[in-house]
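> predicted structure and sequence below. I'll ask about it afterward.
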Amino acid sequence: MMSKRKAATAVAAALTLGATAALSGGAEAVTQQGGSFTDRGDIRFLPQPLKDRLALLAGRPSTFAPMTAFSEAPSPSQLFQYYLLDTKNFQPNVFTTTIPGINDGVAPTATGPNHDLPTLGGLRVVVEPKPGLPTDPDDPGSFVDMFTDISGLFVINNESGWYEGWMIHDVTVPDVAAPRTDGHAAFGTITAADAAALAKVGDYHNKPGAVFTTDGKAPREPSANDHWPDKVSNLVPIQLSLGAYNATQQSDIHSYWELNQYTNWVPPTYELPFTGGIPGTFEKGKIGALSSVVPGSGPSGVKNKPQVDGDNPNIPRDPDRLLNTSPDDPDRPMPNNDDHKEKRLRFIPSGLGNEVMLDVYLRTASFEPYEHNLNQRIFDAYAAEVARVDGNHDGIVDAVEADLEGTSDGGQSNDRLFLPATAYNRVAVTREINDGLLSPRFAPSQRAWVLSGDIARVSPSVPASIPQDGDNR
């Protein structure tokens, strides 16, 4: 006899068979105030591939259509890049695929809803033309909005799990310049000796301006033909969190996030050897052996006391408490108070994270020889680069020390500490679990990916929002 549960499943499947044709897309039937979805003000002027992707998502069974992008300035936000997401360009894993002998016979955990429709998504990236702020997306001082819509990721139920979006910048080979007085490369450069060492690796691919590769050969992005850990991408990623996602009833996801000087910060790279994504670290029992729960500059740097820099229950840590307020703003009349900005930060500015990776992988003459242990190079580079910006020597880079309008390390502009939005050439979505680490699960590998996509640049930019909402921060 069929169980009640199996009978209910069979009935549900039968009821949906007649609607199968509608599941694949076709959003022209989805109306917005009498017009088609693609006539909506924030969709109308989008590039056709992005418009088609969002229309397809809107035509599928969903709790919500792709989210409305409101303007946050008197004139429309401008779309200058986007990403189309799918599950095709990385090694299949247990979250996306049935693998015999591992997860066959159990319900799929991430992809495959609505009779195995492909899991797809779109990420719109727009700049807010706020008065008095830069509107050039290459300027890290601009305010950028990110709108993510995904169809086909199941809701996560157990062990505080979540999906997380990641903007990815692949480290590039910088220009050659004279070193500092101590022989170390200047910020954002390599020395002539570093360049000569890179020239000896592989096919002499790693010239200034090229995307850096660990083997000196042509770049290999993640691929469905990868096999971890012996056949993988040769790129070095810097990953910026787009925040946590979870699915609604119809396995759709909608997320909004803002990129600006207060959010353009990346996880501490000294966590990388403890995520499991560097070959051999799992076998050595290093998973979770160290985290950044108490902020500091890592094993080679400053180690702080939990009672001083830990998450105090009387004054809970609030990493979002950074934004300047203005005495000229009638909605926020309080003056700017640097003393009340959160100081117990665990992330570092994205450009500083990139600087760490330049030390680790490219500055084998001016920093440490490549033959040195990879983990130790990561620890040493993190401590060294944080110290150059850390004015009070507590091993933490706070919002005041990294203020975009300020200077550090001998009077250099803090603009250098932040990668612009246009530098993030890829996006991924990962399946996370509560492991206590800020770095992506199994970073820097793709073993926890469920979606990915490459950048599509839009020039000239196009209007991509409808009239203002009430939140003009």
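Ah, there it is.
> can you name the residues in contact with stretch 198-213?
The contact list for stretch 198-213 (CB atoms under 8 Å, 6 or more residues apart in numbering) reads 170-176, 190, 195, 215-220, 234-236, 361-362, 364. All C-beta atoms are positioned from the backbone trio N, CA, C, and that covers glycine.
> now these: which count as buried?
170-174, 176, 190, 195, 216, 220, 234-236, 361-362, 364 (16 or more other CB atoms under 10 Å).
> show me which pair in the residues you listed is furthest apart.
Pairwise distances across the buried ones among the contacts of stretch 198-213 (CB to CB) peak at 25.1 Å, for the pair 176 and 220.
> tell me which element the residue nearest the centre of the chain falls in.
The residue lying closest to the centre of the chain (CA atoms, centre = their mean) is residue 166, at 2.2 Å. Per DSSP states H and E, residue 166 falls inside strand 162-170.
> one more: residue 149?
Here residue 149 is assigned to strand 144-151, by DSSP H and E.
> now do residue 197
Per DSSP H and E: helix 192-199 holds residue 197.
> how close does residue 56 get to residue 94?
27 Å (CB to CB, to the nearest Å).
> ok, these two, which is more surrounded?
Between residue 56 and residue 94, counted using other CB atoms under 10 Å, the more crowded position is residue 56 (19 against 16).
> confirm the more buried one sits in a strand?
No: read with DSSP: H, G, I helix; E, B strand; the rest coil, residue 56 is helix and lies in no strand.
> is it in contact with residue 122, as I believe?
No: Residue 56 is beyond contact range of residue 122, at 9.0 Å (criterion: CB atoms under 8 Å).
> that older thread, of the buried ones among the contacts of stretch 198-213, which is the nearest to residue 254?
Nearest to residue 254 among the buried ones among the contacts of stretch 198-213, counting by CB to CB, is residue 170 at 27.5 Å.
> list the beta-bridge partners for the closest one.
residue 237 (DSSP bridges).
> wait, it touches residue 239, no?
No: between residue 170 and residue 239 there is no contact under CB under 8 Å: 10.4 Å.
> state the mean pLDDT of the longest helix anywhere in the chain.
Ranked by residue count and defined by DSSP state H, the top helix of the chain is helix 374-389. The pLDDT scores in helix 374-389 average 97.
> now it: buried residues?
374-375, 377-386, 388-389.
> what does stretch 366-375 give?
366-368, 370, 374-375.
> again, but for stretch 113-126
Buried residues in stretch 113-126 (16+ other CB under 10 Å): 113-114, 117, 119-126.
> secondary structure and distance to residue 40 added to the residues you listed, as CSV?
Listed next are the buried residues of stretch 113-126 as CSV, based on DSSP: H, G, I helix; E, B strand; the rest coil; distance: CB to CB, whole Å:
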residue, secondary structure, distance to residue 40
113, helix, 25
114, helix, 23
117, coil, 23
119, coil, 24
120, strand, 19
121, strand, 18
122, strand, 14
123, strand, 17
124, strand, 13
125, strand, 18
126, strand, 15
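> identify, from these, the entry nearest to residue 450.
Comparing every one of those with residue 450 (CB to CB), the shortest separation belongs to residue 119, at 7.2 Å.
> follow-up on the earlier one: for the strand holding residue 166, packing partners?
Packing contacts for strand 162-170, counted by 3 or more CB pairs under 8 Å, 6 or more residues apart in numbering; DSSP states H and E, involve strand 237-245, strand 252-259, strand 426-432.
> appreciated, that's everything.
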